[in-house]
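Asks: Give me a 3D structure for the following:
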Amino acid sequence: MSNIIDRLYEDHKALSAFLTENRQISLLSNAADNFRKTLLLSAASYFESIIKDSIIAIVAEHTGPENPILEFLKNKAIERQYHTYFQWSSNNANSFFGLFGSDFKDYMMSYVKKDSKLKESIIAFIELGELRNQLVHQNFAIFPLEKDAEEIYQLYVKASLFVEIFPDELRQFIESNSERDR
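Replies: You can find the predicted model right below:
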């Protein structure tokens, strides 16, 4: 399924092909340099909004959409807090999982241990987040991003699995605990 990141990437490939065909090598180089930074920021931002929106949706499912607890969480625990959810220098999401309690952390660590694709996805997700942080905090204009657009896009593709699986697993965990508590 195509989304905005896929479309950005495809548009860039089309622009690159056009510039190559028209022998605009310096423009091609400039476009490639700017695009890979844009792609990195776009992918990381896209993932941030999906994860935040997923958390809000899951809480709303259990509290109702107009609940003051949900509003409190949006205002104090979700907005402008995303980058504190992860230890970006690690190769895992254990600190993030732990924010939902030790039982969920253990559940997810066990799940990840059994699923090598999910583990690789988390590593790619963390790498994208860490690169994004470096890019925005170390002078965007001159930051020496060593990955090209294809490498960044492949990190995005790999990382997508984690972003897709996380809300489903959190819901499943909550539901299984609710059933057990009845």
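Asks: Could you list the buried residues of the helix or strand containing V59?
Replies: Under the assignment given by DSSP states H and E, the secondary-structure element containing V59 is helix 25-63. Within helix 25-63, the residues that qualify as buried by neighbour count (16 or more other C-beta atoms under 10 Å) are 28, 31, 35-37, 39-44, 46-48, 50-52, 54-56, 59. For the C-beta atoms, the positions are set from N, CA and C on the backbone; glycine is no exception.
Asks: tell me how far that helix is from the chain's mean position?
Replies: When C-alpha coordinates are averaged (C-alpha atoms, centre = their mean, to the nearest Å), helix 25-63 and its chain have centres 7 Å apart.
Asks: wait, what's in contact with the spatially most central residue of the chain?
Replies: Centre of the chain computed as the mean C-alpha position; nearest residue by C-alpha atoms, centre = their mean is F47, 3.1 Å away. F47 sits next to 125, 128-129, 159, 163 when contact means C-beta atoms under 8 Å, 6 or more residues apart in numbering.
Asks: The helix holding V59: what's the following helix or strand?
Replies: helix 68-72.
Asks: Now do that following helix, average pLDDT.
Replies: Over the span of helix 68-72, the pLDDT mean works out to 93.
Asks: packing partners for it?
Replies: Contacts of helix 68-72 with other secondary structure elements, assessed using 3 or more C-beta pairs under 8 Å, 6 or more residues apart in numbering; DSSP states H and E, are made with helix 25-63.
Asks: How about residues contacting stretch 23-31?
Replies: Contacting residues not belonging to stretch 23-31 are listed as 12, 15-16, 19-20 [C-beta under 8 Å, 6+ apart].
Asks: Same question for stretch 59-79.
Replies: For stretch 59-79, the surrounding residues in contact (C-beta under 8 Å, 6+ apart) are 52, 55-56, 171, 174.
Asks: Could you provide those residues in CSV, with additional columns for distance to N133 and pLDDT?
Replies: CSV is the format used below for the contacts of stretch 59-79 (distance: C-beta to C-beta, whole Å; pLDDT from 0 to 100):
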residue, distance to N133, pLDDT
K52, 17, 97
I55, 20, 96
I56, 23, 95
R171, 29, 96
I174, 30, 95
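Asks: out of these, which one sits closest to F96?
Replies: If you rank those by distance to F96 using C-beta to C-beta, I55 comes first, at 10.5 Å.
Asks: count of residues packed around the closest residue to that closest one other than its chain neighbours?
Replies: Leaving out its chain neighbours, the residue that sits closest to I55 by C-beta to C-beta, 6 or more residues apart in numbering is I78, at 6.3 Å. Residues within reach of I78, counting by other C-beta atoms under 10 Å, total 18.
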